[in-house]
Every structure is written in structure tokens, then in C-alpha cells.
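# Any chance you can model this:
(chains A and B)
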There are 2 protein chains.
Amino acid sequence: MSYAELVRHHKKLAQLEHLEAIAGWDEATMMPEGGGEARAEAMATLRGMLHEQSTLPALGDWYARADAEAGSLGAWDAANLREMKRGYVRATALPQELVEASSRAESRSEQAWRKLRKDNDWASFVPLQTEVFARKREVAQALSERLGLGLYDALLDGYEPGGRSADIAVLFARLGEVLPGIIQTVLEKQRSETVVTPVGPFPVDQQRALGLDLMKRLGFDFRRGRLDVSHHPFCGGVPEDVRITTRFDESDFAKALMGVLHETGHAKYEQHLPRAHLGQPVGRARGMSTHESQSLLLEMQVCRSAEFATFSAPLLRAAFPAAAARTPDAFTERNLHLLATRVVPGYIRVDADEVTYPCHVVLRFELEKALVESKLEVKDIPEAWDAGMKRLLGLSTSGNFKDGCMQDVHWPAGLIGYFPTYTLGALTAAQLFQAAEANVVDLRGSIAKGDLAPLDAFLDARLWGEGSRLGTAELVVHATGKPLGTEAFERHLARRYLGAA
Amino acid sequence: MSYAELVRHHKKLAQLEHLEAIAGWDEATMMPEGGGEARAEAMATLRGMLHEQSTLPALGDWYARADAEAGSLGAWDAANLREMKRGYVRATALPQELVEASSRAESRSEQAWRKLRKDNDWASFVPLQTEVFARKREVAQALSERLGLGLYDALLDGYEPGGRSADIAVLFARLGEVLPGIIQTVLEKQRSETVVTPVGPFPVDQQRALGLDLMKRLGFDFRRGRLDVSHHPFCGGVPEDVRITTRFDESDFAKALMGVLHETGHAKYEQHLPRAHLGQPVGRARGMSTHESQSLLLEMQVCRSAEFATFSAPLLRAAFPAAAARTPDAFTERNLHLLATRVVPGYIRVDADEVTYPCHVVLRFELEKALVESKLEVKDIPEAWDAGMKRLLGLSTSGNFKDGCMQDVHWPAGLIGYFPTYTLGALTAAQLFQAAEANVVDLRGSIAKGDLAPLDAFLDARLWGEGSRLGTAELVVHATGKPLGTEAFERHLARRYLGAA
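Numbering: from 1, shown residues only, chains lettered A, B, ... in the order given. Predicted coordinates:
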């Protein structure tokens, strides 16, 4: 009876989260500026009710009684109860005053950061960022005691259930070791390649039409989702109604296009979560790294492949007839593939290619872990940042805070433990594609025809349909046959960028 | 203390209603079809929470204690408390089983109606509609006992607080008496007028651009609102972020345009409600007839006037250059005004002009009142309908249920007591315009220049800024100097349609 009670309760929570998701999407895509204040208040009230409902005094009892029934639950229900409790424990682990103090520090810091970053003003930002980390250490301490995890792992667990920094450190150490050498070799090789840049303008309407067409061909279900425009692209909404967004730049079609394909990867995961379990914790996507693996599988593994260029080149020429006439050489299969695989070490993480991207993440992981564990202080970040950038990417950011340690919203907003999931996602994506190649007949041939049905069938059976039944590590083994490693990612880079067989 | 408690509580209710409004708007304008089921569940949960919050057991106490403090409250707070209690009494007047039985009957009936209307199948609809009225009579009985009102008035009061059918009957009797004669005279007069019909297509983009331009010129604040497309046009959202919708028809620009102007009237009322009281019951619009008076004031009084044609004719020619070139005679000031004031008695209320429209409402008011009071049975509606249409508009609907008593969603959906507010709104609009003319220097001259600032200043001072501080009847006196009557409306018709001075 108590488990059934909990199921009903979580259904209600999911319905409130549905409204939060749609109102949040509206805020980013549709809401006029003047509506912001009233919306912020409405959202705060909704979130307050969600928190209240997630921590109802009666829940402790229900969980105790549900535990007593646990023996009689099937695999999905047992996993659902496990996921429910995970959320409950995290929601009740922190004293209310700490939640509020932490949230206030983060709001202040994030708001100030928007301006201070533009002004490259690190000195003014230090006290605000210091306050965020000070509160975050207290949060980590409280979570750590409740969860029996290390300080950093207690935060990481919020984004990556079951993720452990010791495991990540092993993977990232390997990447930190091999990537600088790989990058140098790739740069050497690409230096001799001639690449033609397409010349715009690329009208927004044509970009949108192409994006919608490719989403459709690649399996986005428009009966249960939409594409719109927002300042920061995201995948929102609910599994039954997935809202992805992009931002168009008339001088560069590739940015929005690759963004759309990336978000389509997220969206397809949501659209293929197990229907029977939607609205329950076990029916949700399995954490951030798995989610990112789906966007990167589509964007990096599939859509930046030579086979995809074969499929998409004629579509791109048809989508941008004027540009294709202006620079026909830019729209050949070969040139489009070269464009999609340029490697350029740079300061900015969000602009990075797939080869240099992990270096940005390795650096952030090392620093944020040290910050949480009080082995590094905020004032010393720039020095550590510069040293890391030199070591990993051969770039100095000395004095350039704007494009250095102030570039991301994550730390100003208190999102600590989030960064590693980007690269765990990239590793998972490579390993999934490798497993798909081993299991699907002529996977690359079907991609060259723009037919993702074979890949989707593999993902449906091995990953999408599993929701959160398994832990992340188990899910990777279930889907790929082995624990997460760097081998598939390294092979992928060697093959795509170094001409390995 | 208790009043302050109630204020906090109602702020929270308004924030939940904010989310309901935005999610409802999204459902009508943005949501893909497949999202409907999950959305319906989320909305039901939200509405359930709203009902729960509106009927909290603690509220009875709070109201009792707030009443004890009432002497110390200022005018706005006292009015706010009155409005709060009005909502509370209505929310708690009905036993839960009756609410549910009634709601089930209405859902079933409305859903069946969508198909049965198309098929002109009255016989199959009778039992469903009978069930709706049976439950509605029980609802009216329970409300009547609690509110000390007659059966029909107890329902009417939900849409038109303080509205009384005895007063409405007097106004409507007068309209039923004079309108048939006026209509005949107008038809006679218009028979000799030559009107040129503009020939489309009128591209959707051009229609949208014109609509947005006129909204802006007429004072819609786009910092706090939007225009979108939905199947049924409406004005939704919240006062801080008003969402109006329209539907475009490429063969007829006037439909969408007049619809946009109508909804803009609703929207301006919402955008000018008293800021200091937003989120409280007293800060809301004053019931349905006042709201409709604002849409009709803009659409009928202002935008169908000869002066508005002077202003808008060049804008229309510029908006539709191809059509203006095809049929230049259609786009003259005089012809546009003739088009905007055609009178054609017809079967369908929503297509009716302002002269024949009240006849449709008078008929529905008479019948629904008789139905609630068990003086008419559902099976006898068609006969009564046909008799009324003959008497008021000289048209027979015998056997044509589809365009007769099955045309509106209101009765199938259980919206009983709603219809009279349309015509009360028309009477109020005429009386407001008359008062504005008496108080604003050269009102018509400013309209001919497209300048509504003088009219807006009048409305702001006399009506918009009042929110729900006054009752509807008091508000009409406050704004126009006299109680609601038919005189201003009759004079308006005589002046516009019969050439009276």
C-alpha cells in the first residue's frame, strides 16, 4: 500500500514539474520582457510547493513501510522505489537556512557575473565567487554526512547518480595524458588540408527549414515536440512534448545546425523513454552523462561523420541555393566533412571541437574538486587555470579572465559537479557508437543514406527503453558490453582525425 | 493579522493561476497534438491544488477573524476582502460529488456535441444536454440556498458578480421590442448602398504585420504581451503578460483584423488594471460584462467608426498592396466603413453584426433562464428557438439544429448564465463611448488620427484603474454618470446606421 501511495505522490510531483518545464520554456522562448517579474514569483511559488511536496512529513513513514514491502516488488518497481528515495534523501538532507543562504549567494553571484565577465573584472568577482564556494562547501558537508560520500562526490551525485570522482579521475588522467599529443598531430595533419568557408548570408527562414527537415529525417517526433528560438539553446519540456531551441546566426549556418542536431539527440532520448513509466522517477533519463551521450552520439558520432556529409551535402546545397552558387566548392561532401571536423585549440569551452573539448573539462574538474575540498581558494583560480590551459592546450590565459576562469555560468551559479558529465557523455557516446557498429549491419552505410532507424533500434533496446532502471555504470555495461573507458573515444579520434583504420 | 494572512494566501493562489493561464495559452497556441494527454493531467492536478487551496479548512477561521478587523480596513482592502469572500463562498457552496457529477456530464456532453453538431443530430444530443441541465439545476439550487439568490441569478453571479436577471430582463425586453424594427429600417437603407468587396488573397504575413502595427498604434503594450495564432481567438495570460490570439483567413482579412482589435480591447483592460493590486482579487477585471465592454468599445465603437476608416484606409492599402491594386474601390475610406457596418440577419451568433447580435443573446437568455427554472425542457428547445428567431430576426431554423440551438459551445459545456454578458457589454460600451464623447475634447477627431491616448486617459481614470473595487452596477455609474440602460446603444445605432445626428 505504501509503495502505491508513493507512486501516486510522484505522479503528482511529475505533473507539477510538467508545468514548471513548460513555464520555463515559455520564459526562455516566448515571454515578453515585462512579464519576467510576475513569472519569477509564480515559478518561485511553484518550486516552493514542489519542495514542500517532496519533503512532506508523511513521506518518512511511507518510505519505511514501502521498504518493508520491497521484497514483493518487481525489478522496475524496486528501481522506482530506489530512485524515489534518492530524491527524497537529497531533498531532506539540507537545513532550510542553508538552502536559502546558498541560493541567495548564487543569485547574487550569477547576476553580478553577467556584467563583471564583460568587464574582465575578476577582482570584484572574487568575494561573490568565494561566498558561493563557502556555502557550497557547507552543502557538500551536509550531503556528505547524509549520503556517506566524499565532499565532491556528494555534489557530483546530484547530476550523475552513482558517479564517483575516483573513477572519473582515472579516465580524465588518461585523457590529460594522451590528448595534448593527439591534438598536436591533428593540427599538423590539418595544416595541409584546404578548406573552403561557405559565404553567407544564410537567411534564418532557410536555416529553420533545413533544421526542421533534418530533425524530421533523423527521427524527431513532431507530434510530441517543437523547435523554437532562445538565447541559450536547450532541450526542455516533458517526454510527451519535448521543446528544443536554437539561435540563428545569418553569417554562419553551421552553428545553429549543429546545435539543432545536438538538441535533437537529447530530444530523441526523452521521446523514447519507457512510456509505461513516464511520470515516475524510474521512467526518467539516467542522469546528465547519459543525456549528454545522446546529444553527442547524434552530433559528434553521426552528424560530423564522413557518411553524414554524403547524405547532407545535397540537402545543404538545396537549402542555401544562393550561397551554394556563390561558393560551390564549400558545399562538396569532402569540404563539408572537413568543416565539421576542424580542430582548433581555443580559450572557450562552448566553442571547442570534440578533440580539444575534454581538455577544458579535465581542467574544470580538477579545479572544482580542489575548491570543494579546500585545497584551492577562489583567489588562486586564475593561476591554476593558466597553468592547466598551458599544460593541456598550450594556451596562456594570463590576465584574460573573461575568456578564462570567468567564461562559464556554472561556478557563478553554483553548479558544482556538473562539468565532468560533458566528457563522460563524450566517452559514452563513442563507446555506444562502437557497440552499435559491432551490432548493426552496415551502420555507416545507413547513415550515408540518412537512415537512423537501425541505430535507433539498437538504442531503443539497449538504452532508451531502460529509463533509470539501472545505475549509470550498469547501463553502460548493459548497452555496450563493458564498463566506461577511454578506448572507444581514443579509437574514434584516431580514425576520424588521424586516418587510422 | 487575518486579513494580511488572506492577502498572502491570495497572492499564492494568483501565482498558481498565472501558471494555469500560461499553460492554457500554450495548450491552445503552441502544444503539439501528442502533448495533450499529459497536459490535461497536469492541468487537472493544478486545478485540484487550486481548489484545495481555495477551500482550506483554516480559511473559515481567517474570514471570521478578518471580518472582526473589517472596520479598520481602507476602501481597497475592504473591497478586496469582499471579493475574496465572494470567491470562497462560491468555492465552498457545492458538495464535491455534485461538482464532479456536473463536470463529468459537461465533459461528455461537450465532447459529443463536437461531432453531433456537425451531423445535425439533435436527437442523440438530447439526453446528454438534459443531463447537463439536470445537474445544473442542482448546482443552481445549492448556490441559491447559500447565496440567497434566485436559481438563475445564482449561476449568473459566477460570470457577472451582482448581476440580476430581473434588471437584465428589463433591458433585454426593450431591445427585443425595438431591434426588429431598427433592423428592418437599416436593411432598407443599406439595400441602396453600393459596397465593393476586396478580393484576396491577403497573405498571412501581411495580415499579421498589419495586426501588430495596429495593436501598437492603439496602445497594446508589447513589453507585456504577445499576439499568436489559435483555433479559437481569446485573450489569456496574466495582466503583466497578456496573450491574445487570432486566426488568419487568406481570403478575408477583415475577420482576423476585427478579431485582433476586439482582443486588443480585452488586453488593454488587463494591461491597465491597478498595478498596486495585481495578484489580489480586487485587482482583477470587474466581471464578464465589463470585460466585454472593453473589447466592444474598441472593436465596435472605435474601430468600426467612420473616423477610424479615415485613419486606417491608407494603412490597409499599404498593408495589402496587391489587393489594393486589384480592387482600388474596395479600399476607399467610405467603402471600408460601409464594409465594417454591414447588417445581415443570420443564424449564427458569432458571425453577427452589432445590430442583430443582441437578438441572439436575448433569445438565449430567455431560454436558459426558463431551462434552469424548469419552465422549459431540453427536448422542447428547438421549437422555442425557432419561435424566438422568427420573432427577433425573422428567420426560421426549423430542422436546422446545427445552425440553431446546437451552434454554441456554452450549453453543451454547462456555461449557463454567461450569454447575457455579451450584450450587457455592448450596452456598457455604448454608454462609455457616449460618456467619453461628453468628457473628451474632440474624441472623434483624435480617433481619425489614430490617437487613442485621450480615450485611454478617460478609461484609465474612470474604469481600468478601479479593478474590482466597485460592483459592476456602481462602476457603470462611476464611469458614465448613470445606471446601465439601452439609450446610449440605441442612439449609437441610430447615428451609425440610420443617419441620425
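
# shaky segments in the stretch 401-501 of chain A?
The model of the stretch 401-501 of chain A has no residue with pLDDT under 70.

# So out of everything in it, what residue is nearest chain B?
Distances between the stretch 401-501 of chain A and chain B by Cβ to the nearest Cβ are smallest at A:Gly467, namely 15.9 Å. To be clear about C-beta, it is placed using only N, CA and C from the backbone, and glycine gets the same treatment.

# what about that residue, neighbour count?
27 (other Cβ atoms under 10 Å in any protein chain shown).

# Same check on A:Glu193?
Neighbours of A:Glu193 (other Cβ under 10 Å): 11.

# Could you find the closest non-adjacent residue to it?
Distance criterion Cβ to Cβ, 6 or more residues apart in numbering or on different chains; nearest residue to A:Glu193, sequence neighbours excluded, is A:Leu338 at 5.9 Å.

# same question, A:Gly162
A:Gly471 is the one closest to A:Gly162 (Cβ to Cβ, 6+ apart), at 4.5 Å.

# For stretch A:139-148, C-alpha coordinates in PDB please.
What follows is stretch A:139-148, C-alpha atoms only, in PDB (Å, rounded to 0.1, in the frame of the first residue of the first chain):
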ATOM      1  CA  VAL A 139      26.200  22.000   1.400                       C
ATOM      2  CA  ALA A 140      28.700  19.300   0.400                       C
ATOM      3  CA  GLN A 141      29.500  18.700   4.100                       C
ATOM      4  CA  ALA A 142      25.800  18.200   5.000                       C
ATOM      5  CA  LEU A 143      25.200  16.000   1.900                       C
ATOM      6  CA  SER A 144      28.400  14.000   2.500                       C
ATOM      7  CA  GLU A 145      27.300  13.100   6.100                       C
ATOM      8  CA  ARG A 146      23.800  12.100   4.900                       C
ATOM      9  CA  LEU A 147      25.000  10.100   1.900                       C
ATOM     10  CA  GLY A 148      28.200   8.700   3.200                       C
END
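
# And A:Ile244, how close does it get to A:Ala473?
28 Å (Cβ to Cβ, to the nearest Å).

# How about A:Thr356?
Applying Cβ to Cβ to A:Thr356 and A:Ala473 gives a distance of 27 Å.

# And those two? Which one has more around it.
A:Thr356 (23 against 15).

# Report the contact partners of the closest residue to the more buried one other than its chain neighbours.
When the adjacent residues along the chain are set aside, A:Thr356 lies closest to A:Pro345, with 5.1 Å between them (Cβ to Cβ, 6+ apart). Neighbour list for A:Pro345: A:Ile183, A:Leu187, A:Thr356, A:Cys359, A:Leu393, A:Gly394, A:Leu395 [criterion: Cβ atoms under 8 Å, 6 or more residues apart in numbering or on different chains].

# got a pLDDT number for the residue nearest to A:Leu393 when sequence neighbours are not counted?
Leaving aside its sequence neighbours, A:Leu393 sits nearest to A:Pro345 (Cβ to Cβ, 6+ apart; 4.5 Å). Listed pLDDT for A:Pro345 reads 97.

# give me phi/psi at A:Pro345?
With angles defined as degrees, to the nearest 10, A:Pro345 sits at phi -60, psi 130.

# rewinding a little: could you verify my assumption that the residue of the stretch 401-501 of chain A closest to chain B touches A:Arg286?
Yes: A:Gly467 is within contact range of A:Arg286, at 7.0 Å (criterion: Cβ atoms under 8 Å).

# what touches both of these two?
Contacts common to A:Gly467 and A:Arg286, judged by Cβ under 8 Å, 6+ apart, are absent.

# Just the helices from the stretch 151-300 of chain A, written as ranges.
Using DSSP state H, counting those that start in this stretch, the helices of the stretch 151-300 of chain A run over A:151-159, A:165-191, A:204-217, A:253-271, A:287-296.

# before we move on, back to that, give me the buried positions along the host helix or strand of the residue nearest to A:Glu193.
Element membership of A:Leu338 [criterion: DSSP states H and E] is helix A:333-340. For helix A:333-340, a neighbour-count test (16 or more other Cβ atoms under 10 Å in any protein chain shown) marks A:Glu333, A:Asn335, A:Leu336, A:His337, A:Leu338, A:Leu339, A:Ala340 as buried.

# That helix to helix A:165-191, inter-axis angle?
Going by axes from the mean of the first three to the mean of the last three Cα atoms, to 10 degrees, helix A:333-340 is angled at 130 degrees with respect to helix A:165-191.

# Just give the closest residue to A:His478, not the sequence neighbours.
A:Leu470 (5.9 Å).

# neighbours around that neighbour, how many?
Neighbours of A:Leu470 under the rule other Cβ under 10 Å: 19.

# so it, which of the three states?
coil (DSSP: H, G, I helix; E, B strand; the rest coil).

# got the contact list for it?
A:Ala79, A:Arg286, A:His478.

# Can you name the residues of chain A that neighbour chain B?
Residues of chain A lying close to chain B by Cβ under 8 Å from any Cβ of the partner chain are A:12, A:15-16, A:18-19, A:22-23, A:26, A:30-35, A:37-39, A:41-42, A:45-46, A:49, A:221-226, A:237-238, A:240-241, A:278-279.

# Please repeat the previous calculation with a cut-off of 7 Å.
Residues of chain A lying close to chain B by Cβ under 7 Å from any Cβ of the partner chain are A:12, A:15-16, A:18-19, A:22-23, A:26, A:30-35, A:37-38, A:41-42, A:45-46, A:222-226, A:238, A:240-241.

# Now list the buried members of those residues.
For the residues of chain A next to chain B, buried by 16+ other Cβ under 10 Å: A:12, A:15-16, A:18-19, A:22-23, A:26, A:30-32, A:34-35, A:38, A:41-42, A:45-46, A:224-226, A:238, A:240-241.

# picking that back up, how much space separates the residue nearest to A:Leu393 from chain B?
Counting by Cβ to the nearest Cβ, to the nearest Å, the gap from A:Pro345 to chain B is 41 Å.

# gap between that residue and A:Pro180?
9 Å.

# next one: A:Ala166
23 Å.

# these two touch, right, A:Thr185 and A:Leu498?
Yes: assessed by Cβ atoms under 7 Å, A:Thr185 is found in contact with A:Leu498 at 6.1 Å.

# Now, the buried ones among the residues of chain A next to chain B that are in helices?
Residues of these located in helices (DSSP state H): A:12, A:15-16, A:18-19, A:22-23, A:26, A:38, A:41-42, A:45-46.

# Max pairwise distance over those: which two?
A:Lys12 and A:Ala38 (24.8 Å; Cβ to Cβ).

# Excluding chain neighbours, what is closest to the residue nearest the centre of chain A?
In chain A, the C-alpha nearest the mean C-alpha coordinate belongs to A:Glu292, at 4.1 Å (Cα atoms, centre = their mean). The shortest distance from A:Glu292 to any non-neighbouring residue, by Cβ to Cβ, 6+ apart, is to A:Gly425 (2.6 Å).

# and whichever residue of the stretch 101-250 of chain A sits closest to chain B, what does it touch?
Ranked by Cβ to the nearest Cβ, the top residue of the stretch 101-250 of chain A for proximity to chain B is A:Asp241, at 3.0 Å. By Cβ atoms under 7 Å, 6 or more residues apart in numbering or on different chains, the contact list for A:Asp241 reads A:Arg224, A:Gly225, B:Met31, B:Pro32, B:Gly34, B:Gly35, B:Ala38.
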